[in-house]
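# no sequence on this one, just coordinates:
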């Protein structure tokens, strides 16, 4: 089958519909809720068991196309299954091979000559995507940067705090130099010496100019680790992808004090506020461990976003990746506007007072700037 639809959800269904599309030797299922869509890739041999797990249990209607005929099945109110098959009158557009990897949906496209991604295993030797989740993730990140840098033709300076293996760093470099044709200086900073050595070797191997990697701690930076930072007519960006716990706070603090024009931070684990959480009136949020954990994580990012507004940034919290890939799927994106939001600080104080919070970013801003 090239395309399968599961519709007519039951009362207990987790999704409103499921669409499965064949691409090459893989299937992708798109599982829709009222507000989101989740994806799952699997082999050809797994499609039958996947459909069987939903049809009858969560969906009452099944429709599939094999390229020539349309096959359908549905459960009646009495629990009987009625099946039918007919010649398909129209060819669904989804029957095209490779539909779920549509090129037009990506800024960085499959097949582009980006040899460093071959070394990292994202692309095969003939530049076909091997790591689809990673490919979508880094493209989504670049799309969110692209939204805030359209129309900017100045030199770009970027610091990537906690760069790790640097899938993202290399793609951002490729985007600005090859797609946007702009002058760019990027520094990736990480505590892992082996990671820095590996990334530096890749830079030298492929002759990437103005891309550097340095060994360093986010929390111990007294000055920007990029010499070109803040030069005249430049546009300065801080990136922080999955920096653990309060490392994200240090990245945001450095971005604020170095007056970054754009901040894109995707937090990872957020344990700090859960340890402090002592609700005054809303004790219900501490009665269940998983609820307490999620409230603390959401409060952490809400406080960070509001403190950025107070510091003079137009701030958004955006879904970065689908929940099936990671529970830590929110990006804090902030564009510097200079004028702060005085009301933002009031909401932070109210939240801190209710739950007895004292976040690291508050401590950093008060210690090195002024009382909040």
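Looks like it arrived, so ask away. Worth saying up front: this structure is predicted, and the values here are computed from it rather than measured. Residues are numbered from 1 along each chain as shown.
# Show me the helices in the stretch 251-372 of the chain, by range?
272-276, 289-310, 342-355, 360-368 (DSSP state H, counting those that start in this stretch).
# out of those helices, nearest to residue 237?
Smallest distance to residue 237 across these (C-beta to C-beta): 14.2 Å, for helix 289-310. C-beta: built from backbone N, CA, C; applies to glycine.
# most tightly surrounded among the helices of the stretch 251-372 of the chain?
helix 289-310 (a mean of 19; mean count of other C-beta atoms under 10 Å).
# Just the mean pLDDT for that helix, thanks.
Per-region confidence: helix 289-310 scores 92 on mean pLDDT.
# same question, stretch 265-279
On average, stretch 265-279 scores 87.
# what's the span of it from first residue to last?
28 Å (C-alpha to C-alpha, to the nearest Å).
# How about stretch 337-348?
20 Å.
# Need the mean per-residue confidence for it.
Here the average pLDDT along stretch 337-348 is 86.
# What lies in contact with the helix or strand where residue 63 lies?
For residue 63, the element it lies in under DSSP states H and E is strand 59-65. Strand 59-65 is contacted by residues 1-10, 13, 17-18, 51, 55, 70-75, 88, 92, 95 when judged by C-beta atoms under 8 Å, 6 or more residues apart in numbering.
# Tell me which of those residues fall in strands.
3-9, 17-18, 70-75 (DSSP state E).
# Touching the helix or strand containing residue 48 from outside, list them.
Element membership for residue 48 (DSSP H and E) is helix 47-54. Under the criterion C-beta under 8 Å, 6+ apart, residues 1, 4, 6, 18, 20, 27, 29, 40, 42, 62 lie in contact with helix 47-54.
# One more: stretch 336-356?
259-262, 273, 276-282, 299, 302-303, 306-307, 309-314, 357-359, 362, 372.
# Now with 6 Å, please.
Contact partners of stretch 336-356, identified using C-beta atoms under 6 Å, 6 or more residues apart in numbering, comprise 261, 276-280, 303, 306, 309-310, 312-314.
# Kindly reformat the residues you listed as JSON lines containing distance to residue 79.
Shown next, in JSON lines, are the contacts of stretch 336-356 (distance: C-beta to C-beta, whole Å):
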{"residue": "261", "distance to residue 79": "61"}
{"residue": "276", "distance to residue 79": "53"}
{"residue": "277", "distance to residue 79": "48"}
{"residue": "278", "distance to residue 79": "52"}
{"residue": "279", "distance to residue 79": "47"}
{"residue": "280", "distance to residue 79": "52"}
{"residue": "303", "distance to residue 79": "52"}
{"residue": "306", "distance to residue 79": "53"}
{"residue": "309", "distance to residue 79": "55"}
{"residue": "310", "distance to residue 79": "59"}
{"residue": "312", "distance to residue 79": "62"}
{"residue": "313", "distance to residue 79": "57"}
{"residue": "314", "distance to residue 79": "55"}
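# Thank you, goodbye.
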